[in-house]
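**Q** what's the 3D shape of this:
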Amino acid sequence: MTDPEKNKGSALNVMKGVDQPSQINEAMVKRLKGKKTKVHTPDEFIEGILAGNRTILSKAITLVESSLPAHQDKAKEIISRCIPHSGKSLRIGITGVPGVGKSTFIEALGKLLTSEGHKLAVLAIDPSSSRSKGSILGDKTRMEDLAVDPQAFIRPSPSAGSLGGVARKTRETIILCEAAGFDIIFVETVGVGQSETTVHGMVDFFLLLMLAGAGDELQGIKRGIIEMADAIFINKADGDNLQKAQMAKREYSNALHLFPPSESGWIPVVDVCSARTREGISAVWEAILRYHSFSVGNGYFMNKRMDQNRQVLFETIEEALRNHFFSGRDRSHRLREVEEAVISGRMNPYTASKELLDEYFKHNNQP
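**A** Numbering: from 1, shown residues only. Next up is the predicted model:
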């Protein structure tokens, strides 16, 4: 044992420390516990949304994204009452390969639009983890200037495991934002994949961002996505990369001539830009405006909107049937039994699914 008296005054002697204050504000904890969260009625939600109240709008979007049946019922009422005030915006889908600089591009284009008096809503779809179901939701930190712009509203939403990473309730969120007075809606996708097809079916203009010098440009993205694009812009066209971007522009322009004409009759724009230097950003907006004027003039704009509404009809029916099938308590127990039988090899999945569906329809057809 070491004698404390011998070590007194030496470097080995440990002085008694000072008690540190708690890192938790106990007074604030008590205050928050005693504070009741206000539950808004549908009337209050509608009044706040139509007045452009950002807090109410955010709460309404959270309500729409919730999977709780009570929240869903209230959300459906709010959406139905917002529909007459929606539909007046220009909806723009933005996608591109990973690392193309979508967030920087959106901020550059967004600041241009807000400076011209537009109200912009950015719906940034963040990928949900397949394990934890959590999301990064980091778009606000990547768009520092746009995040504090009073004319802009950025809403990162988790993809919640839906097809291709597109948030399940993005369509409803668009309606809420339009009712709140936003005349430009950006929908940013996670990246190249199946989500682009879903986003293309909910926007008016589909913008594809690409990089130059990242390998074979025409192999770097699926052909189907290029066919969907109303404009292709090669980003990061600055400095030493400018010449490569111009070369990529020519390659994409030549490739588009090999594709069949689009339904709208529009010839996709191919150009270069730099979100970092803001060069070519105004050309992006000019291309969008030309497309809007062109598609409205030949009637394609409204035809596409009506086709999207038809698509929403069938998607809503499918979702309601799926939720009803899996929500029954008795059915969930039976589903587990059949699932175990399929996994163990006692039943094949086709016979099992038919058996479950026959039981479901028989039960729901009973008077």
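**Q** how distant is the helix or strand where residue 360 lies from the center of its chain?
**A** Assigned by DSSP states H and E, residue 360 belongs to helix 349-364. Centroid separation between helix 349-364 and its chain, computed with CA atoms, centre = their mean, to the nearest Å, is 35 Å.
**Q** Then stretch 297-316?
**A** Offset of stretch 297-316 from its chain centre (CA atoms, centre = their mean): 20 Å.
**Q** and that stretch, average pLDDT?
**A** The pLDDT scores in stretch 297-316 average 92.
**Q** tell me which residues of that stretch are tucked away?
**A** Buried residues in stretch 297-316, counted by 16 or more other CB atoms under 10 Å: 300-301, 304, 308. Placement of C-beta: from N, CA and C, glycine included.
**Q** Dump the residues you listed into TSV; add distance to residue 333 and secondary structure as well.
**A** Listed next are those as TSV, based on distance: CB to CB, whole Å; DSSP: H, G, I helix; E, B strand; the rest coil:
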residue	distance to residue 333	secondary structure
300	50	helix
301	50	helix
304	45	helix
308	39	helix
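**Q** Kindly indicate which of those lies nearest residue 42.
**A** The shortest approach to residue 42 among these belongs to residue 308, at 25.3 Å (CB to CB).
**Q** Show me what the residue nearest the centre of the chain bridges to in the sheet.
**A** The structure's the chain has its C-alpha centroid closest to residue 125; by CA atoms, centre = their mean the separation is 2.5 Å. With DSSP bridges applied, residue 125 shows beta-bridge pairing to residue 157.
**Q** Touching, it and residue 186? I think so.
**A** No - the pair residue 125 / residue 186 is not scored as a contact, 10.8 Å apart, by CB atoms under 8 Å.
**Q** Find the residues that touch each one of those two.
**A** With contacts defined as CB atoms under 8 Å, 6 or more residues apart in numbering, no residue is shared by residue 125 and residue 186.
**Q** Could you report the pLDDT at residue 171?
**A** For residue 171, the predicted pLDDT is 90.
**Q** what stretches of the stretch 151-300 of the chain score poorly on pLDDT?
**A** The model of the stretch 151-300 of the chain has pLDDT under 70 over residues 158-168, 190-194, 213-223.
**Q** Show me the strands in it, by range?
**A** Along the stretch 151-300 of the chain, the segments classed as strands by DSSP state E, counting those that start in this stretch run 152-158, 184-188, 205-210, 231-234, 269-272.
**Q** As a markdown table, the ones you listed with distance to residue 48 would be great.
**A** Shown next, in a markdown table, are these (distance: least, CB to CB, whole Å):
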| stretch | distance to residue 48 |
| --- | --- |
| strand 152-158 | 14 |
| strand 184-188 | 19 |
| strand 205-210 | 29 |
| strand 231-234 | 36 |
| strand 269-272 | 39 |
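**Q** So which of those strands is the most surrounded?
**A** strand 231-234 (a mean of 26; mean count of other CB atoms under 10 Å).
**Q** Can you list the strands that it pairs with?
**A** In the sheet, strand 231-234 lines up against strand 205-210 (parallel), strand 269-272 (parallel) (DSSP bridges).
**Q** Just the helices from the stretch 201-350 of the chain, written as ranges.
**A** Taking DSSP state H, counting those that start in this stretch, the helices of the stretch 201-350 of the chain run over residues 223-228, 242-256, 281-297, 300-327, 329-344, 349-364.
**Q** Nearest to residue 54, out of the ones you listed?
**A** Checking those against residue 54 by CB to CB gives helix 281-297 as the closest, at 24.3 Å.
**Q** Could you check the angle that closest one makes with strand 184-188?
**A** Angle, helix 281-297 to strand 184-188, by axes from the mean of the first three to the mean of the last three CA atoms, to 10 degrees: 110 degrees.
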